[in-house]
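K.L.:
got a sequence here, can you model it:
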Amino acid sequence: MTSDDATTLPITVDIRKVDEHGLISNWDDTTKLWLSFDEREKTIGIAGNRAALNSLARHLLTLTQPDARPGYNLYWEPESGWFGTDEAGLHISLTE
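P.N.:
Take a look at the predicted model:
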């Protein structure tokens with residue numbers, strides 16, 4: 001897939017650079033995100049408005065930058081205020 005492929009759309013996302021303080025959470029102010037876990041189906045559900053999904057993408061991409069080291073992680077409690085329910089929290093981490 002190349003950028004001149006008519007089926008692709010290039011998207012630019014600004015992420016915060018890893019510094020001596022490590023990773024910093026950066027949710028958009030209008031974020032509305034819902035996380036769920038269906039134990040029977042063994043399925044994790046993620047739903048949100050555009051601000052929430054863009055913010056989630058930004059957090060994931062933050063972990064992919066060269067200065068991020070394995071073990072770096074971001075964690076939000078179920079009651080963190082960014083989520084529409086307190087059914088599930090979110091923990092993302094870089095493993096290698």
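K.L.:
the nearest residue to residue 93 once chain neighbours are set aside: what's it in contact with?
P.N.:
Here the nearest residue to residue 93 in space, its sequence neighbours aside, is residue 73; by CB to CB, 6 or more residues apart in numbering that works out to 3.4 Å. Glycine gets a C-beta too; all of them are placed from N, C-alpha and C. Listed by CB atoms under 8 Å, 6 or more residues apart in numbering, the contact partners of residue 73 are 23, 63, 91-94.
K.L.:
again, but for residue 25
P.N.:
With contact set as CB under 8 Å, 6+ apart, residue 25 has these partners: 59, 74, 76.
K.L.:
and the contacts of residue 73, which is closest to residue 53?
P.N.:
Using CB to CB, the shortest approach to residue 53 within these belongs to residue 92, at 14.1 Å.
K.L.:
so how far is residue 8 from the closest one?
P.N.:
When distance is defined by CB to CB, to the nearest Å, residue 92 is 25 Å away from residue 8.
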